[in-house]
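1. structure, please.
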Amino acid sequence: MATETHQDIRAAVRDLCRSFPDAYWRDLDARRAYPAAFVKALTDAGYLAALIPEEFGGSGLGIAEASVILEEINRSGANAGACHAQMYTMGTLLRHGSDAQKREYLPKIATGELRLQAFGVSEPTTGSDTTQMKTMAVRKGDTYVVSGQKVWISRAEHSDLLVLVCRTTPIDQVKKRGEGLSILLVDMREAIGHGLTIRPIRTMMNHATTELFFDDLKVPASALVGEEGKGFRYLIDGLNAERILIAAECVGDGRWFIERASKYANDRVVFGRPIGQNQGVQFPIARAHVNIEAADLMRIKAAALFDGGAPCGAEANMAKLLAADASWEAANVAVQTYGGFGFAEDYDIERKFRETKLYQVAPISTNLILAYLGEHVLGMPRSY
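-> Residues are numbered from 1 along each chain as shown. The predicted structure follows:
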């Protein structure tokens, strides 16, 4: 993966991130504020348009290159969670959107005139059981009328467009659970206050997440992405990209923790010697490094398969699981290495510790990945 293009991307992203040092992220974290200036800088540099084809004003790069961008953001101490959705939701519009939708939206997304940062799937009563979602969109002439609720919809307050997954046919009227779901591309600039209400949720990390309430929101039928009732398949199509990109962020987090822990272990002198000279400090850092590098190899393999158009569901899921576990291990090792200072805000370990913990749970929990692998890769009975 260490091609000249990737090395150039790494260097350029790292250079951009230097303008947003630890103090910038600490301040935002304390205020639970959105990194608008950082996202604008990424947009202006073209990084958030990496996956948009050149004909629509993007770079036309692959998932491998996009993953390098997100990895380097997190490795710099920043948080790609503020903007990563634009990359992994893009595939829904690219692969299944109409020519008219692509012409209307993609060039504006590429320039930053429009922001596509919100993805509406999860609901309070269904969680990961996506096919049981209750949000309904009823077709009435040239309009869909949407009613329901979504939760854990991050960046909704900072996005112009929402990729909304909803039911267009009640589940008791379909033959298979995955049928009857559709995707609407909702213009939130028009929707807020006219049937859409956004309520922020304060969480342990600065992730700008919300819950959405739809009260007879009217959405033009032209906002339908692809065919009505085929939305679950479209959703699944995009999940592999999401898994790979999140894995890359976790690799970036892990490398940040390991670099910080290694430096501190060298610099911190107790009992007349660097604490890193003690095997009890040194070995956990070394093992965390090994696990991050191993997870990165699976990320590289999954990205190569994805960009080559080959099936990669198992590899994408394994990459996410391995990288999330490795970054969480590295986070714990960093706290142990820093001791009491690991809990002090000024050292940034505790902030990144909270941020990387998220990926044990989202966008898919580790246990659901194991369930997928057990059933679909190893051929064992469905466990849930």
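2. in the stretch 1-150 of the chain, which spans are helices?
-> With DSSP state H, counting those that start in this stretch as the criterion, the stretch 1-150 of the chain has helices at 4-17, 22-31, 36-44, 63-75, 85-96, 99-111.
3. same question for the stretch 201-350 of the chain.
-> Going by DSSP H, counting those that start in this stretch, the stretch 201-350 of the chain shows helices at 231-267, 279-307, 313-338, 349-357.
4. coming back round to it: any chance of the helices of the stretch 1-150 of the chain in JSON lines, plus mean neighbour count?
-> Every C-beta, even on glycine, is put in place using the N, C-alpha and C of the backbone. Shown next, in JSON lines, are the helices of the stretch 1-150 of the chain (neighbours: other C-beta atoms under 10 Å):
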{"stretch": "helix 4-17", "mean neighbour count": "15"}
{"stretch": "helix 22-31", "mean neighbour count": "15"}
{"stretch": "helix 36-44", "mean neighbour count": "17"}
{"stretch": "helix 63-75", "mean neighbour count": "26"}
{"stretch": "helix 85-96", "mean neighbour count": "22"}
{"stretch": "helix 99-111", "mean neighbour count": "16"}
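5. same list (these) but as JSON lines, adding distance to residue 272.
-> JSON lines is the format used below for these (distance: least, C-beta to C-beta, whole Å):
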{"stretch": "helix 4-17", "distance to residue 272": "36"}
{"stretch": "helix 22-31", "distance to residue 272": "30"}
{"stretch": "helix 36-44", "distance to residue 272": "42"}
{"stretch": "helix 63-75", "distance to residue 272": "33"}
{"stretch": "helix 85-96", "distance to residue 272": "49"}
{"stretch": "helix 99-111", "distance to residue 272": "58"}
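6. make JSON lines out of the helices of the stretch 201-350 of the chain and add mean pLDDT.
-> Shown next, in JSON lines, are the helices of the stretch 201-350 of the chain (pLDDT from 0 to 100):
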{"stretch": "helix 231-267", "mean pLDDT": "96"}
{"stretch": "helix 279-307", "mean pLDDT": "98"}
{"stretch": "helix 313-338", "mean pLDDT": "98"}
{"stretch": "helix 349-357", "mean pLDDT": "98"}
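7. ok, which of those comes nearest residue 225?
-> For residue 225, the closest of the helices of the stretch 201-350 of the chain is helix 231-267, at 6.8 Å, according to C-beta to C-beta.
8. now do the buried residues in the closest one.
-> 231-232, 234-235, 238-262, 264-265 (16 or more other C-beta atoms under 10 Å).
9. next, the angle helix 63-75 makes with it.
-> Counting by axes from the mean of the first three to the mean of the last three C-alpha atoms, to 10 degrees, helix 231-267 lies at 40 degrees to helix 63-75.
10. before we move on, the earlier item: comparing the helices of the stretch 1-150 of the chain, which gets the lowest mean pLDDT score?
-> Set side by side, those show their lowest mean pLDDT on helix 85-96, which sits at a mean of 88.
11. list the helices and strands that helix packs on?
-> Judged by 3 or more C-beta pairs under 8 Å, 6 or more residues apart in numbering; DSSP states H and E, the packing partners of helix 85-96 are helix 99-111, strand 116-120, strand 161-167, strand 181-187, strand 224-225, helix 231-267.
12. could you dump those into JSON lines and include distance to residue 377?
-> Formatted as JSON lines, the helices and strands packed on helix 85-96 follow (distance: least, C-beta to C-beta, whole Å):
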{"stretch": "helix 99-111", "distance to residue 377": "34"}
{"stretch": "strand 116-120", "distance to residue 377": "26"}
{"stretch": "strand 161-167", "distance to residue 377": "25"}
{"stretch": "strand 181-187", "distance to residue 377": "25"}
{"stretch": "strand 224-225", "distance to residue 377": "29"}
{"stretch": "helix 231-267", "distance to residue 377": "14"}
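13. which of those sits closest to residue 200?
-> The nearest among these, by C-beta to C-beta, is strand 116-120 at 13.0 Å.
14. ok so, going back, ok, which of the helices and strands packed on helix 85-96 comes nearest residue 318?
-> Taking the helices and strands packed on helix 85-96 one by one with C-beta to C-beta, helix 231-267 is closest: 8.8 Å.
15. and the angle from the closest one to strand 181-187?
-> With the same axes, to 10 degrees defining the directions, helix 231-267 sits at 70 degrees from strand 181-187.
16. ok so, going back, list just the one of the helices of the stretch 1-150 of the chain that sits closest to residue 226.
-> Ranking the helices of the stretch 1-150 of the chain by their distance to residue 226 (criterion: C-beta to C-beta) puts helix 85-96 first, at 3.8 Å.
17. tell me how far the closest one is from the chain's mean position?
-> Between the centre of helix 85-96 and the centre of its chain there are 12 Å (C-alpha atoms, centre = their mean, to the nearest Å).
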